[in-house]
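Enquirer: Dropping the sequence and predicted coords here.
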Amino acid sequence: MARLQTPIRRLLDSHLSSLGAATTVTLVPDAHYPYHPSTGMVTDPAVVGATVAFLERETSTDVAVAGTSEYVTAERTSAYLDLDDVLDRFDASLVDLSETPRTTETFTLGDQSVAVAVPDRLTTSSVIPLPTLRPTQDGPIAGGMRTLASHVDCSVAGGVGAAAATIAVDPELAVLDATTVYAGKSYAADTLLAGPTAAVDAVGARLIDRSVSDDPAIRHGLRTAPESIGVEGVDVTTLTARCPSGELPPPTKPHPAVSLAYRTYAAVSGDAVPPQLDGR
């Protein structure tokens, strides 16, 4: 967290006026499941903590971190990821968006009508999605738009629904956690990017070799041509060459770290290793 304080300050300083005027700020990290942060599959809690620290130091707004109980309860995921420890250091709280009232709005994107039911916390608060840099199971970038959509009920699935969810929430900005990237394998990119959510998603998609033009979320969310998006302070060409560009492992195949951990446990306890975790 200490190492990230200066980069986070540089990224958020230009938004300080609007963030400081907000009654509440809600951070929405990619915390869909308690993967270890070193995998790059979830937002690093240190990024969340450095952002909370900046907001508490520079503003008087109430800060909350959003969770969901889609797979594992928000409280358990927060505890596994050590978000509890991070939040205990500050006057910030965890809010389970699956338990908050929702308001339904309808948008037209292209020739599709999309109804979205958004948690009231996200419509009454200044929102900052904090996605990690990884693909979805279907292939496109997870990104800030799909991170927001994971908390919103959409009548249309996929990228169009993610774009509608983002329009409904209207986030202040997105901060992309590329400190560790996952795309077929993990890579320590040690990078943070911030800006309009769709634009940040477009840059992130390029970094892991995803098509921007073929992604309906980015296509409907961008307010400018993809080629006109500028990035300051990062050599995108070099970083793209270094970032992996693979897929997520299939749900039926455990991550190698899981097999290794279970074999270690079995060696100590004398228990048997289930065949699906043996990895041989």
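Expert: Received the coordinates, thanks.
Enquirer: Please make it C-alpha for all contacts and neighbour counts, starting now.
Expert: Fine.
Enquirer: so how far is R57 from L4?
Expert: To R57, L4 is 14 Å away according to Cα to Cα, to the nearest Å.
Enquirer: More neighbours: these two, which one.
Expert: Taking neighbours as other Cα atoms under 10 Å, L4 and R57 compare with L4 leading, 17 against 11.
Enquirer: quick one, what contacts that one?
Expert: A46, V47, A50 (Cα atoms under 8 Å, 6 or more residues apart in numbering).
Enquirer: With P171 instead?
Expert: S126, V127, I128, P129, T197.
Enquirer: quick check, nearest of those residues to Y262?
Expert: Sorting the contacts of P171 by how near they are to Y262, with Cα to Cα, puts P129 at the top with 33.4 Å.
Enquirer: can you give me the helices in the stretch 51-200 of the chain?
Expert: Assigned helices in the stretch 51-200 of the chain, in chain order: 74-80, 83-88, 120-123, 143-149, 158-169, 197-207 (criterion: DSSP state H, counting those that start in this stretch).
Enquirer: between the ones you listed, which one is nearest to V28?
Expert: helix 143-149 (7.1 Å).
Enquirer: Give me the contact list for that closest one.
Expert: 28-30, 129-135, 159, 161-163, 165-166, 169, 174, 176, 197-198, 200-201, 204, 217.
Enquirer: Can you select the buried ones from those in PyMOL?
Expert: Here is the PyMOL command that selects only those of the contacts of helix 143-149 that count as buried (16 or more other Cα atoms under 10 Å):
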select buried, resi 28+29+30+129+130+131+132+133+134+135+159+161+162+163+165+166+169+174+176+197+198+200+201+204+217
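Enquirer: State the mean pLDDT of stretch 45-64.
Expert: On average, the pLDDT along stretch 45-64 is 96.
Enquirer: still on that earlier bit, would JSON lines of the helices of the stretch 51-200 of the chain with mean pLDDT and distance to A21 be doable?
Expert: Shown next, in JSON lines, are the helices of the stretch 51-200 of the chain (pLDDT from 0 to 100; distance: least, Cα to Cα, whole Å):
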{"stretch": "helix 74-80", "mean pLDDT": "91", "distance to A21": "28"}
{"stretch": "helix 83-88", "mean pLDDT": "90", "distance to A21": "22"}
{"stretch": "helix 120-123", "mean pLDDT": "96", "distance to A21": "15"}
{"stretch": "helix 143-149", "mean pLDDT": "97", "distance to A21": "22"}
{"stretch": "helix 158-169", "mean pLDDT": "96", "distance to A21": "17"}
{"stretch": "helix 197-207", "mean pLDDT": "97", "distance to A21": "20"}
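Enquirer: any idea which of these is most buried?
Expert: Compared across the helices of the stretch 51-200 of the chain, helix 143-149 shows the largest average neighbour count, a mean of 27 (mean count of other Cα atoms under 10 Å).
Enquirer: gap between it and the chain center?
Expert: Its chain's C-alpha centre and that of helix 143-149 lie 7 Å apart, by Cα atoms, centre = their mean, to the nearest Å.
Enquirer: All further residue positions should be reported with the first residue as 56.
Expert: Yes, from this point I'll number from 56; that puts the last item at helix 198-204.
Enquirer: Now it - C-alpha only, PDB.
Expert: Output of helix 198-204 as PDB, limited to C-alpha atoms (Å, rounded to 0.1, in the frame of the first residue of the first chain):
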ATOM      1  CA  GLY A 198     -12.500  -4.600 -17.300                       C
ATOM      2  CA  GLY A 199     -14.400  -1.900 -15.500                       C
ATOM      3  CA  MET A 200     -17.500  -2.100 -17.500                       C
ATOM      4  CA  ARG A 201     -18.000  -5.800 -16.900                       C
ATOM      5  CA  THR A 202     -17.000  -5.400 -13.300                       C
ATOM      6  CA  LEU A 203     -19.800  -3.000 -12.800                       C
ATOM      7  CA  ALA A 204     -22.200  -5.200 -14.800                       C
END
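Enquirer: Run a quick neighbour tally on T319.
Expert: For T319, using other Cα under 10 Å, the count is 13.
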